[in-house]
Structures are given as C-alpha cells and as structure tokens.
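S.K.: Below are the sequence and a predicted model; questions follow.
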Amino acid sequence: MIVQVSPDGRGTRAMTQEQHEATTYDVEALQEKWRPVWERIDPFKAGLLGGAEKRYALTMFPYPSGDLHMGHAEVMALHDVLARYWWQKGYDVLNPIGWDSFGLPAENAAIKRNEHPAQYTYANIETQAESFRRYGVSFDWSTRLHTSDPEYYRWTQWLFLKFREWGLAYRKNSPVNWCPNDQTVLANEQVLADGTCERCGAVVTKKELTQWYFKITDYAQRLLDGIDQLEGNWPDRVVASQRNWIGRSEGAHVDFVMRLASGEERTVTVFTTRPDTLAGATFMVVAADAALAAEVVAPAQAGVLEAYVEETRKASDIDRLATDRPKTGVDLGITATNPLTGEQIPVWAADYVLADYGTGAIMAVPAHDQRDREFAEKFDLPIVPVYDDSEDAPPYDKAAAVAEAIAKLEAAGTGQGTVNYRLRDWLLSRQRFWGAPIPIIHCETCGEVPVPESELPVRLPDDVKGEELKPKGSSPLAAIESWANVECPQCGGPAKRDSDTMDTFVDSSWYFLRYVSPHLDTAPFDVEALKQWGPVDQYVGGVEHAVLHLLYSRFFTYVLHDKGYLEFEEPFTRLMSQGVVINQGKKMSKSLGNGVNLGEQLDEFGVDAVRLTLVFAGPPEDNIDWADVSPAGSVRFLQRALRLATDVTSAPGVDAAEGDVALRRVTHKTLHEVEGLMESYRFNVVVARTMELVNATRKTIDSGAGAADPAVREAVEAVAILLSLVAPYTAEEMWERLGRNPQLDTTVARAGWPAIDEALLVDDTVTAVVQVKGKVRARLEVPPSISEGDLEALALAAVDLGGEVPKKVIVRAPKLVNIVV
RNA sequence: GCGCUCGUAGUCCAACGGUAGAGACAGCGGCUUUAGGUGCCGUCCAGUGUGGGUUCGAAUCCCACCGAGCGCACCA
C-alpha cells in the first residue's frame, strides 16, 4: 500500500473515508522510494560546505560480527541526530564510517569453516554496510576504511616502527596474562576484575613470555592531567574510570637495608603513601612471587618459600578475588634495618603484596594499615602506633606529617618523595593470526631488525585456512615457514619474522586520524587535513571502552602531538556514552531468550519508528528497556506527522508572516528550544517538543485557522526539518508532499535550519505567579515587559494578606512575586 | 574499602533555584467504525527515596542515611 497524495494536492480533508485509510503509510515503500534518491545525490560528503565551520562527528566503528543489532541501532540513531543537526545548521560535517575488522571471531570462524578469516570478515562488512544504508545514517561513504586492509595496516605497522624508534615500543620478558581458551596473551585492560578474559570469559593465567609493549607509563601523568580538560565534556563515569585506571598515588620511596643470611647487605626500596608512619614499620613484606623473595631468602627458609609460592600460584586466580581472605605468608629468615628507628625488623614474604605494583616490597605498619595489622596479628608481630588515631584523640594532620617525613628522608638520604601509578605498560603482542603482523625481523647476528619502511606492509599470507590457523601456543604465523623465514635486511643472513600480531586496539587507536585521508598512500594521515578537521568534536560509543580504547587513543594522540604530527593533544573533545538496550530489566541474551532482533523490528515498524523509539526512550546515556518503549506508538506519531504534510494546502513559499500568530509562536519557540536541547544532548526532549508542535499544528488545522493558513505550512515544514534528524524517510516524504522537492533531486536533510524570528519568542502576556511565603496564591496575566514596580503593585492588590504586613517582597518580573509576611 | 552516577504518577521520562507535568506508554470514558488491533477527543494517577540544612522560595544546592547501577580494589 503506497501513500496517496490527493491528485489535486488539496489534502485529505476532501477525501472519502476509504481514501483516508489509504494514507496509512507503508514504511517499506517509503524506504525503497527514498534510498536510491539519497544514494544518487550523495548529500553528506565532507567538504561540501568548504569554508563553513567544520564539525567532526564520530561513532565508534563497528566490529564486523554478523549483522547489526539493537546496540548498533541505538548508537547510530543518537549519533546521527547530532550529525544531521550540524548539517542543517550549516556546518561542514565529517561523519565517516569504517570497520574494526581484525580480531579473533573471524579467525575462530575461519578455523571452523575451513576458510580464510578475510572471507568471514568482508562478507560481514558487506552485510553491515547494507544495513547502515537502509538505516539511513548520514555517513560519508567515501571515507570507508577497514583495519584489515593492507593499505590500512601498512600504516599501523609504520606507526609501530615509529614508536619503537622513539623508544615507546620495547620488548621484555615478564609474566603476562594468558588466556588458555583464546591461546594468546592479554593486556591488563583486557582482564576483568574477576580475573577472566574480557572476550571469552575463561579464567586468565600467568605465563612467562617475551612480548612487545608500548610505554604508555611514560605518559601516565600527561594522560591524567589531560583529563581535566575533558571533565564536563566526557561522562563523569568515564572520567572517573580513567583516573582510577591510571591510579596516581603520592608518597615516598624509602630505602631499607636487608642483612642477608650470608652477611651481605642489600638495599631494598619500598613505596609507601605513609612515610609519616615509618617509625611504626615493624616488619617488611616482599611479594612472594617476586624475584627478590627468592634472592634474599635465608637458605633455611628457601624450601618453605618455594612451597608457599607453589601453593599461592595454584590458588591465586580464584582466591585473589576474595578480599576478606585470611592473610598468609612465610618468614624469610632475615632482617632489615628501619632507617628511622635503626631497629632490626623481620622480613616476610606474602601474597598480599603484589610483585608488579610499586617495588614489589612494602614496609608494614600494622598500627595504621588494616592489611598489615591482620598480618601482624596472625603471625604475632609487634604493633607500634606512631600517633593516636582513636576517636577522642586530637586530630592528626596527615598531610603535614607526610610532607615533614619526606623532607626528613631526603635530608637523611634514605628516601625521597615520589609518585606511583597503577597504570602498566600496554602489552601489544598477540599470538594470533588475524591482526597486523609486527614488522620486526629477528636475526641471529643482528638481533631485532625493523622491516624497512619501503617493504611495508608485512602482509598476512592469504593462502592459509582452517586448521592451519589453529593456535598452538605460539602464533600460527610461526608455523608458516614460507612466510616466517626471511633474509635479514641488515646482513642478508637467515632470519625469522616476528610471528606475533598486534592487539586490535592498536588498529583502533588511530583510525579517526586516517578518516580525513583514507586513501593516502604516502603517510598514515594527511597532517594538513587534520589541521582542518581535527580533533573529533563529538564521539559516540559504548561505555565498555571507558578505559581500553579511549585511553589507548589518547596515548597515541599525545605521542603524535609531541612528535609534531598533530596540533591537538586530546583526540575527542566531547564524548557521549550511550546506554545499552535491554529487555524486561535484563541484558538481552540467548540463554534468557529475551533477545530483540533488530531486523525484525525494522521489518515490523520501519527504520524511522525504530530510530525514533530509541531516541525518544530517554536521555542518551540511560539504558533502554525495550519492554518499556513503544515502537508502535512511534509509528502512530510518524503517521500523524505525515498526514499534516498531506493536509497543507498553501503553496510553497507562501509568506508565513500572514499566518496565525499563535501557531507561529509555537513553531519558533520549538525551533529555538531545540537548539539548546541539541547542545546538551537532550535528544529525547527534542522529540517531545516536535510532538508538541505536531499536536499544535493538528489543532490549528482542525479547529483553528485551518489547513490553508500560511502558519500551518511554516509549522509543518519545521516538523519535516526536525524529523529529518531522527526519521529521515518520513521527513523526506513530508518534504515532497509539501511540494518542496518535486524533482526528487534534493533532500530535506540539507534544507537548512529555519530562521528564527526573535519577535515570536515572546508572548503578548505571560502568567505571573503571586506567592505568599512561597505558596501560590494568585496568577496574573501581565505584559512581558512589565516593570518590577508595576508587577509588585498588581501583586499586592491581587492577594488578601488578612491584615498581615509584607516584610519583604521579592519580584522577578515578569514571572513571579513572592510576598514574605 | 575508595570513587562516580541516579532515585519525580502504574511505566518510560520533563521541569534556567521560581505555578511539580512537556511528551509518551499503559488504563478508563466517549466519538468514528459492520467490527476493530485504525483515527480523533477527553480523562484518572505523583508532591519528587528518608531526615536535616542553606534560601523569600529546593525535585534542583549542601550534609547524613536508605536503595539501585557502575568503575577501581590485599595498589601499600
């Protein structure tokens, strides 16, 4: 059933009932009608409005796993509201799209189906691209990139080599997180708080391996300081997460001299945030699994330590999660000197001290630290208070005491003030196939040799499939001899390629820079173009990347800034983290059987209604419970809006100034208010205001000035433009029915934001509220320009104070008077 | 334990420190309709989690508590 426009263009009022019913719109037909038109006129190319102020709108690029789902639909709907608004406001908008197309699922699928990961990947990309086009997102398709294209990962490799050149990428042997299921190492950021793999949920273990790292710790302070300028522009919880993750803590390094069983002395530095309590340090604790413990242990205790380490290693993954676990540890059989008191204190090893935080050793102050106290009580170690911290004691000025203690340590040469971070370097090697190969060649003679720039990219072999991709504890690439064996670029001797690939977060740490010049083949990005387009003005994406992707991208941007490639330090000026779509109070999942299929929703209600529902459901950052919203209600609203366009009988270009003033006021006020709402992301309220305008227009047509009134045309055109942000198909159809797009060669999406007439934003009269002691007693209709004195006089005359004398009168002309008696 | 966010009609949500209700869902009643799961009109429902404080005036600002969600966590 196709929407009918009455042949004489006079609208539905003249129609019979049957004809009226026929105006029920067929969403499928609308979509099929307009999509080809948009594809033909390509209205969203960046640079179309060269010279206008730029806006860079970015949405986190998708991973190509199957088709789009409700989550994608939500982000894209929210993101597109803003991008389309910017177009309407006359900005030159860059709204790019690409795919984060390296990653494990494609590799696992390839093993299962006996094919190459590229097959699965690129097939899914095509499916998703088609869905995005149907969904009507205002992307500039000419920007399209895929991180798994050699043209892209060539530059990922190039950047890796640059980072190495700059001393920001290095290789070290260290215990790393190992996912036994995915058969690869993981970054700290990819291990969840419960010790499981962020991807697959398997319990992560530790493994000693030589791996590549990015030296993100060099940027810990910069990344922390930069957060200040994001505050207010990024969601609080993301800001808080990043601060937590970087985990700055101030304190001091204090040197303790250990006396080993051999009589040898060894200086061990500890980190403490409480150097003021040094006098109460009655023992030391070394992380049991740190090399230091084994090095200093007295021979008599070595066996006990070894057994303890073995035991804790077994239990660690499950038990470390329990914070109320009883303290365990072993005496190392040696002592150290407390540098302040000169006392000999025992040295223990325990698993409550972490090998990779601080220096892996602590001074224990049981009187003022809960954990140390538990340990001391269990093993009967002395507890010596440094100050009285009981309730009725005089307050203890901790900050001053700490500062004083640091000064003393520095004077004595036994320590100094320092800052410690929780952040660790970023482990980027992965023992998997479907990623950017690390462009390093290992030569027996020359060692690590970078692949010469002219030989980039180091391509993945494209003739392997299925079983050959199976992880074997080392990268599948290592087993492909024709690929792995090469000549050393330096000495020409036999050498092997580094067979690991890069964490896919490396790919996504710079893609937003590539978008300004996606086809450039002489550099990763066009420095000049980025001066024009960068940084991203608005980034929209899931809060699951609060730390990972957003921290890594910030790191890359800081580095590239420092090296002169970028003018800006922070990549994403504003960030919006949308909520998730849930159903019946729970996360959608197969096991719960509460999944909502996006395709089915689109088939049933249409693209516009689904988009409208998602935008209208609530504030963007709130979760949307699909059981609480009504796509059917959205369909009804869109029908009402569309019918308005059919009803309009005046000709395009008619002078609105001749029209009904009451409706004109609603129109102009709505447009004005929407501008403010857009600025603060209140997209749900934008929809509500549009609904009000539709309702007001309906009333004017049916029981007011009538369909021929020029103000009605003005209002309906405004509705079409407002709806073009959320419901592009319906808006476009309205525009055509309004006679504004007769050749089907333009789009309402680029019609431009209507000029707002300031004079129409003020009413003839406003309602002034008269309060007595804050309670409403009367309402007055007054001109908006009324003076405070006049309003006060009117107010005093309007209420009966029962003989009481006004003590004070607060006047806020023209809206309010409060009389205090 | 530390930190962040949020508690408003049956539900989802609005309300520059100034009339608690904009919009919607569900319900109810009418009109339209052969009928209705369409359309139109009307209507019920909260005093803002609790207790203090600031203010002429608090849903809004401050403090405490209760509840929910999230981040970090034997991090020294």
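M.R.: That came in fine, so what should we check first? Residues are numbered from 1 along each chain as shown, chains lettered A, B, ... in the order given.
S.K.: Could you give the bridge partners of A:Phe572?
M.R.: In this entry, A:Phe572 is beta-bridged to A:Val536, by DSSP bridges.
S.K.: thought it was touching A:Gly541?
M.R.: No. In this structure, A:Phe572 is not within contact of A:Gly541 by C-beta atoms under 8 Å, at 9.4 Å. In this view, the C-beta of every residue, glycine as well, is placed from N, C-alpha and C.
S.K.: Compare those two and say which is more crowded by neighbours.
M.R.: A:Phe572 (24 against 20; other C-beta atoms under 10 Å).
S.K.: which ones are touching that one?
M.R.: A:Leu58, A:Leu230, A:Trp234, A:Phe512, A:Pro535, A:Val536, A:Tyr539, A:Leu550, A:Ser553, A:Arg554 (C-beta atoms under 8 Å, 6 or more residues apart in numbering).
S.K.: Just give me the neighbour total for the first one.
M.R.: Here the neighbour count serves as a burial measure; for A:Leu58 (other C-beta under 10 Å) it reads 24.
S.K.: Quickly run through the sheet partners of the helix or strand it falls within, with directions.
M.R.: Using DSSP states H and E, A:Leu58 maps to strand A:54-59. Using DSSP bridges, strand A:54-59 pairs in its sheet with strand A:92-94 (parallel), strand A:538-542 (parallel).
S.K.: and the nearest residue to A:Gly417 once chain neighbours are set aside, what pLDDT?
M.R.: Excluding the flanking residues, the one nearest A:Gly417 by C-beta to C-beta, 6 or more residues apart in numbering is A:Ile406, at 4.2 Å. On pLDDT, A:Ile406 comes in at 94.
S.K.: where does the stretch 1-150 of chain A dip in pLDDT?
M.R.: For the stretch 1-150 of chain A, residues meeting the criterion pLDDT under 70 lie at A:1-25.
S.K.: Which parts of the stretch 151-300 of chain A are helices?
M.R.: A:220-230, A:236-246, A:291-296, A:299-319 (DSSP state H, counting those that start in this stretch).
S.K.: Helix or strand next in line after the lowest-mean-pLDDT helix or strand in chain A, which one?
M.R.: Using mean pLDDT, DSSP states H and E, the weakest-scoring helix or strand in chain A turns out to be helix A:17-22, at a mean of 37. Later in the chain than helix A:17-22, the nearest helix or strand by DSSP H and E is helix A:27-41.
S.K.: The stretch 651-800 of chain A: strands as residue ranges?
M.R.: Assigned by DSSP state E, counting those that start in this stretch, the strands in the stretch 651-800 of chain A fall at A:766-772, A:775-782.
S.K.: same deal with the stretch 401-550 of chain A?
M.R.: A:415-420, A:426-427, A:429-430, A:440-443, A:447-450, A:485-487, A:494-497, A:501-502, A:538-542.
S.K.: How about the contacts made by the nearest residue to A:Trp99 once chain neighbours are set aside?
M.R.: Leaving aside its chain neighbours, A:Trp99 sits nearest to A:His146 (4.7 Å; criterion: C-beta to C-beta, 6+ apart). By C-beta under 8 Å, 6+ apart, A:His146 lies in contact with A:Gly98, A:Trp99, A:Ser101, A:Thr121, A:Tyr122, A:Ile125, A:Tyr152.
S.K.: now, which of those lie within helices?
M.R.: Members of these lying in helices (criterion: DSSP state H): A:Thr121, A:Tyr122, A:Ile125, A:Tyr152.
S.K.: closest to A:Leu780 among these?
M.R.: Among these, A:Ile125 lies closest to A:Leu780 (C-beta to C-beta), at 64.1 Å.
S.K.: Next secondary structure after the strand holding A:Leu58?
M.R.: helix A:70-88.
S.K.: Give me the neighbour count for A:Val527.
M.R.: 17.
S.K.: Is it in contact with A:Lys563, as I believe?
M.R.: No. Applying C-beta under 8 Å, one finds A:Val527 not in contact with A:Lys563, separated by 11.0 Å.
S.K.: which residues do these two both contact?
M.R.: In contact with both A:Val527 and A:Lys563: no residue, using C-beta under 8 Å, 6+ apart.
S.K.: could I get the helices of the stretch 151-300 of chain A as TSV with distance to A:Pro346, mean neighbour count and mean pLDDT?
M.R.: Listed next are those as TSV, based on distance: least, C-beta to C-beta, whole Å; neighbours: other C-beta atoms under 10 Å; pLDDT from 0 to 100:
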stretch	distance to A:Pro346	mean neighbour count	mean pLDDT
helix A:220-230	34	16	93
helix A:236-246	34	16	91
helix A:291-296	12	19	93
helix A:299-319	11	14	81
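S.K.: Please convert the ones you listed to JSON lines, extending it with distance to A:Val629.
M.R.: Shown next, in JSON lines, are the helices of the stretch 151-300 of chain A (distance: least, C-beta to C-beta, whole Å):
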{"stretch": "helix A:220-230", "distance to A:Val629": "31"}
{"stretch": "helix A:236-246", "distance to A:Val629": "23"}
{"stretch": "helix A:291-296", "distance to A:Val629": "57"}
{"stretch": "helix A:299-319", "distance to A:Val629": "41"}
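S.K.: coming back round to it: tell me which of the strands of the stretch 651-800 of chain A sits most buried.
M.R.: strand A:766-772 (a mean of 18; mean count of other C-beta atoms under 10 Å).
S.K.: name the helices or strands packed onto it?
M.R.: strand A:775-782, helix A:788-798, strand A:816-820 (3 or more C-beta pairs under 8 Å, 6 or more residues apart in numbering; DSSP states H and E).
S.K.: mind putting the ones you listed in JSON lines, mean pLDDT included?
M.R.: Putting the helices and strands packed on strand A:766-772 into JSON lines (pLDDT from 0 to 100) gives the following:
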{"stretch": "strand A:775-782", "mean pLDDT": "85"}
{"stretch": "helix A:788-798", "mean pLDDT": "89"}
{"stretch": "strand A:816-820", "mean pLDDT": "90"}
